[in-house]
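Novice: here's my sequence, what's the structure:
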Amino acid sequence: MTSNKSEVVVVGNVGIDTNVFFYSDGPDFSIEANFTQNIDVLGQAGGYASRGYARLGASTAFIGCVGEDYSGEYIKRIFGQEKINTEGLFIDPEGTSRSINLMYKNGQRKNFYDGKNHMRLHAPMDVAMKVIEGARLVHFNIPNWARELLPVAKKSGAIIACDIQDVIDVKDPYRLDFVKMAGYLFFSSANHDDPAPLIDAYLQLNPALVIVSGMGVRGCALGTGNGIQYFPPVTLDLPVVDTNGAGDALAVGFLASHILDGRSLEESILRGQISARYKCAQKATSNCMITRDLLDHYQKESK
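Specialist: Numbering: from 1, shown residues only. Next up is the predicted model:
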């Protein structure tokens, strides 16, 4: 599907996730066979983010790759049904990317990602420039080829947000281009007890950043040149069954609220957290990202 202009352009990975849910506390490696519930879902950061913006009513385009295979055709069909502009979709000759997520009873996961040819691909620059032109927001994930589009987004005048995922080392050179070019930066602190040292280091690299760090059950941190604020987790009367896509929902909820709707940083953090918490209650699906009506409803309940 094509359209003239989109409010939001998502640049990143989309693919099929196979979520493996354990009936017990985890795999028993002392025996050959374990019984699990295995569910395939359209996922990965670009998949969750694109569908998240579309569910909130934002006109959305996606730039990324799929294979010439069943999974790629399925993704094209779903994006088309949701009116996500796929003009920027290009082909990975190695096929559509895949993830295997081992899912534990508390909703946590261990991820095994097969990005196919992502380290060697190049997005079609002329098409990407056309898709990005006129967008208010360009939301980057971090496949290697995406860094080539950072200057394109900058030149267009769009606000650039980058989700650098589960950071291990703040000095990781792979992520530095994204950190330096972003106006808004998101990362998971899953590998760190406290995101403050990372936030401070990233602000030294790019003092103009607004940084949001998801802390899971510990809540969320917001870092700016004015300091770091911590926000407790939100409480919804919903179970936690699957944390896949929660970080993407946090970023989408925040950015849609702050950039597209003009809400305050603090209110946008709350709406981002509600979006993430709601996603955690949806088992093995990106079909049920939160809608604007539901987000407004849960925000009113939280007061």
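Novice: where do the strands sit along the stretch 51-200 of the chain?
Specialist: 60-66, 85-91, 97-103, 109-114, 137-140, 159-166, 184-188 (DSSP state E, counting those that start in this stretch).
Novice: buried stuff in stretch 292-303?
Specialist: Of all the residues in stretch 292-303, those buried under the rule 16 or more other Cβ atoms under 10 Å are 294, 295, 298, 299. C-beta coordinates here come from the backbone N, C-alpha and C atoms, glycine included.
Novice: got a list of what residue 146 touches?
Specialist: 11, 12, 123, 140, 178 (Cβ atoms under 8 Å, 6 or more residues apart in numbering).
Novice: hmm, try it at 6 Å
Specialist: By Cβ atoms under 6 Å, 6 or more residues apart in numbering, the contact list for residue 146 reads 11, 140.
Novice: do you know the pLDDT at it?
Specialist: We have a pLDDT of 97 for residue 146.
Novice: then the one 5 residues further on?
Specialist: Per-residue confidence at residue 151 stands at 98 (pLDDT).
Novice: neighbours of it, just the number please.
Specialist: Look at residue 151: counted by other Cβ atoms under 10 Å, it has 11 neighbours.
Novice: over to the one 10 residues further on?
Specialist: Residue 161: 27 surrounding residues under other Cβ under 10 Å.
Novice: and it, bridged to which residues?
Specialist: residue 139, residue 184 (DSSP bridges).
Novice: with the one 5 residues further on instead?
Specialist: Beta-bridge partners of residue 166, counted by DSSP bridges, are residue 188.
Novice: and it, how far from residue 188?
Specialist: Here residue 166 is placed at a distance of 4 Å from residue 188 (Cβ to Cβ, to the nearest Å).
Novice: who's more crowded, the two?
Specialist: residue 188 (19 against 13).
Novice: the more buried one and residue 214 touch, don't they?
Specialist: Yes. Look at residue 188 against residue 214 with Cβ atoms under 6 Å: they come within range, at 5.1 Å.
Novice: so where does residue 46 fall, helix or strand?
Specialist: helix 44-55 (DSSP states H and E).
Novice: check the offset of that helix from the chain's centre.
Specialist: The chain centre lies 7 Å from the centre of helix 44-55; the measure is Cα atoms, centre = their mean, to the nearest Å.
Novice: related to what we said a few turns ago, overlap in contacts of residue 188 and residue 214?
Specialist: By Cβ under 6 Å, 6+ apart, residue 188 and residue 214 have these common neighbours: residue 247.
Novice: from residue 270, how far off is the nearest residue to residue 25 once chain neighbours are set aside?
Specialist: Spatial nearest neighbour of residue 25, excluding adjacent residues (Cβ to Cβ, 6 or more residues apart in numbering): residue 105 at 6.6 Å. Taking Cβ to Cβ as the measure, residue 105 falls 28 Å from residue 270.
Novice: and for residue 101, the neighbour number?
Specialist: 22.
Novice: thought residue 116 was touching residue 97?
Specialist: Yes. Contact criterion Cβ under 6 Å: residue 116 and residue 97 qualify, at 5.0 Å.
Novice: quick check: phi and psi at the nearest residue to residue 23 once chain neighbours are set aside.
Specialist: If the residues on either side of it in the chain are set aside, residue 23 comes closest to residue 35, at 6.1 Å by Cβ to Cβ, 6+ apart. Per-residue torsions, residue 35: phi -90, psi 130 (degrees, to the nearest 10).
Novice: good, we can wrap up now.
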